[in-house]
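Colleague: 3D, please:
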Amino acid sequence: MPSQRKHALVIVFDGIEEIEALTPVDILRRADIEVTVASVNGQPQVTGRNQITFAADVALSLVASDSFDLVILPGGPGVLELLENQAVRDILVAQDKDAKELAALCAAPKILAHHGILDTRTATSHRSVRDDLPNASDNPVVVDEHITTSQGLGTAVDFSLMLVEKLTDKATAEQIAESIHFNPSA
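Modeller: I've put the predicted structure just below:
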């Protein structure tokens, strides 16, 4: 019986780091993972921190109760406005409770920490929020159980390839790395 196609959710918002949002989308889709880009603001478009506007697939409210193999929360200055967003909280907490893949980069691990998801886990983040993590690491990408965190824009490809490896296998991640001429850091 063939394996079922994996499905990821990328939560996007105004003030997002554009590369942190779109790099995982691109790399996961190269691995034949279905990716839904969902906008917190409910609008069809999101404007990032560098005034780059891109389209979301759907409003977050329309997929908030759906099941995903992976949920990704990119960072950027706008992510801190999501600290008290109930829909985002509910998605993140449910994903963690079900021990399903959950990923955050840049400042977004602060949101995971705020909701207690990182209480017993090691994670990394952008240095601007590192002190908000209970068990912070200086590594560029950290995997602890089903939680993957990364430092930010400069680690977005490593982060995305790790997510591909977790949802598929190492060979697929290596094939994609080679196809994009990515030389992974040692």
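Colleague: contacts, neighbours, all on C-alpha from now
Modeller: Fine.
Colleague: Can you tell me who the nearest residue to residue 63 once chain neighbours are set aside pairs with across the strands?
Modeller: Leaving aside its sequence neighbours, residue 63 sits nearest to residue 38 (CA to CA, 6 or more residues apart in numbering; 7.7 Å). Assessed by DSSP bridges, residue 38 has beta-bridge partners residue 11, residue 58.
Colleague: Check what pLDDT residue 38 gets.
Modeller: Per-residue pLDDT puts residue 38 at 98.
Colleague: Now do the contacts for it.
Modeller: Residue 38 makes contacts with 9, 10, 11, 12, 56, 57, 58, 59, 60, 63, as judged by CA atoms under 8 Å, 6 or more residues apart in numbering.
Colleague: if you set the cut-off to 7 Å instead, what comes out?
Modeller: Residues near residue 38 by CA atoms under 7 Å, 6 or more residues apart in numbering: 10, 11, 12, 56, 57, 58, 59, 60.
Colleague: Let's see if you can find the most crowded of the residues you listed.
Modeller: Most neighbours among those, by other CA atoms under 10 Å: residue 12, with 33 neighbours.
Colleague: Sounds good, over and out.
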